[in-house]
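>>> pasting the structure only:
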């Protein structure tokens with residue numbers, strides 16, 4: 001190695017790190033958390049059933065929007081402009097790639113999986129195993145620069161999820177409505193707390209005093225941005241919880257707790 005900890009001007013220390021604490025625990029927990037979500041989301045996305053509760057209007061976000069003739073009656077809130085899909089194509093394939101791209105290129109998630117998956121570096125004062133660093137200037141990491149465009153699509157998907165939650169309220173009020181509503185509120189919080197949103201709102205302003213409305217919006221987004229990491233993990237949990245609840249009700253494993 002000619003750079004980093006292996007540079008000729010650095011102290012020659014054979015040990016990877018001199019730390020004696022459990023520095024490996026945060027990367028391990030991050031890996032386990034991300035792996036658990038990826039496995040669950042992949043299985044559910046390709047399952048193709050138990051995603052719609054027609055009686056109460058519950059549609060899981062993993063299948064929204066559902067735009068093909070393969071969708072169950074009532075689950076297509078925006079019509080079915082697409083024909084029947086092969087069984088190996090997820091019904092939510094329109095939104096899923098963009099949402100995946102939004103999360104993968106998210107500034108927090110980049111930090112998380114750079115450190116935990118690629119170990120670059122896994123922790124402070126711990127040498128990384130890579131001998132060189134090229135930054136985000138070549139494939140595949142150059143795609144990270146498309147984050148702002150994934151953000152625009154994520155906003156549209158959040159609008160769709162909001163519509164789904166509102167439509168469900170036309171069927172009455174139950175525990176599922178509360179879960180859908182909490183999920184969509186947190187998804188909005190995560191989406192607008194994005195660094196790209198902060199830049200869009202006020203990043204190019206040279207004089208805040210001349211744009212008081214945008215400055216106020218930038219201030220609010222900045223406050224949310226400070227909680228971006230917490231929202232990133234919380235929304236993974238609410239997505240799983242929302243989908244799991246809809247799946248259990250749709251399959252008949254449990255009954256929805258009706259309030260009205």
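Received it, and whenever you're ready, just let me know what you need. Since the model is a prediction, treat every value here as computed from it, not as a measurement.
>>> Low-confidence regions, this structure specifically.
The model of the chain has pLDDT under 70 over residues 1-7, 10.
>>> 50 instead, please
Under the criterion pLDDT under 50, no range of the chain is flagged.
>>> Find the nearest non-adjacent residue to the residue nearest the centre of it, please.
In the chain, the C-alpha nearest the mean C-alpha coordinate belongs to residue 103, at 4.4 Å (C-alpha atoms, centre = their mean). Spatial nearest neighbour of residue 103, excluding adjacent residues (C-beta to C-beta, 6 or more residues apart in numbering): residue 109 at 5.5 Å. Glycine gets a C-beta too; all of them are placed from N, C-alpha and C.
>>> Please apply the same query to residue 222.
Spatial nearest neighbour of residue 222, chain neighbours left out: residue 198 (6.0 Å); criterion: C-beta to C-beta, 6+ apart.
>>> The one you found reaches residue 219, doesn't it?
No: between residue 198 and residue 219 there is no contact under C-beta atoms under 8 Å: 10.0 Å.
>>> residue ranges for the helices of the chain, please.
25-47, 96-104, 107-116, 147-169, 175-192, 195-202, 212-225, 228-251 (DSSP state H).
>>> Relative to residue 122, which of the ones you listed is closest?
helix 25-47 (4.8 Å; C-beta to C-beta).
>>> buried set for the closest one?
Neighbour-count burial for helix 25-47 flags 27, 30, 34, 37, 40, 41, 44, 45 (criterion: 16 or more other C-beta atoms under 10 Å).
>>> Name the residues that touch that helix?
Contacts to helix 25-47, defined as C-beta atoms under 8 Å, 6 or more residues apart in numbering, come from residues 60, 62-63, 88, 90, 92, 96, 112-113, 115-117, 119, 122-123, 233, 236, 239-240, 243, 247.
>>> make it 10 Å
By C-beta atoms under 10 Å, 6 or more residues apart in numbering, the residues outside helix 25-47 that reach it are 22, 50-51, 60, 62-63, 87-93, 96, 99-100, 103, 109, 111-113, 115-117, 119, 121-123, 126, 233, 236-237, 239-240, 243-244, 246-247.
>>> now it against helix 96-104, angle please.
With axes from the mean of the first three to the mean of the last three C-alpha atoms, to 10 degrees as the basis, helix 25-47 and helix 96-104 are set at 170 degrees to each other.
>>> So what angle separates the directions of helix 25-47 and helix 228-251?
Inter-element angle recorded for helix 25-47 and helix 228-251: 30 degrees (by the same axes, to 10 degrees).
>>> Taking helix 107-116 as reference, get the angle to helix 25-47.
Using the same axes, to 10 degrees, helix 25-47 lies at 120 degrees relative to helix 107-116.
>>> any idea how far helix 25-47 is from the chain center?
Distance of helix 25-47 from the chain centroid (C-alpha atoms, centre = their mean, to the nearest Å) equals 12 Å.
>>> Next, count neighbours for the residue lying closest to residue 172 once chain neighbours are set aside.
Counting by C-beta to C-beta, 6+ apart, residue 260 is the residue found nearest to residue 172 once chain neighbours are left out, at 5.3 Å. For residue 260, the count of nearby residues is 7 (other C-beta atoms under 10 Å).
>>> wait, what's in contact with residue 260?
Here residue 260 is in contact with 169, 172, 173, 174, 177 (C-beta under 10 Å, 6+ apart).
>>> Please name the nearest non-neighbouring residue to the third one.
Across the structure, with C-beta to C-beta, 6+ apart as the measure, the residue nearest residue 173 apart from its sequence neighbours is residue 260 (4.0 Å).
>>> separation between that neighbour and residue 143?
Residue 260 sits 46 Å away from residue 143, taking C-beta to C-beta, to the nearest Å as the criterion.
>>> Next: residue 93.
Per C-beta to C-beta, residue 93 is found 19 Å from residue 143.
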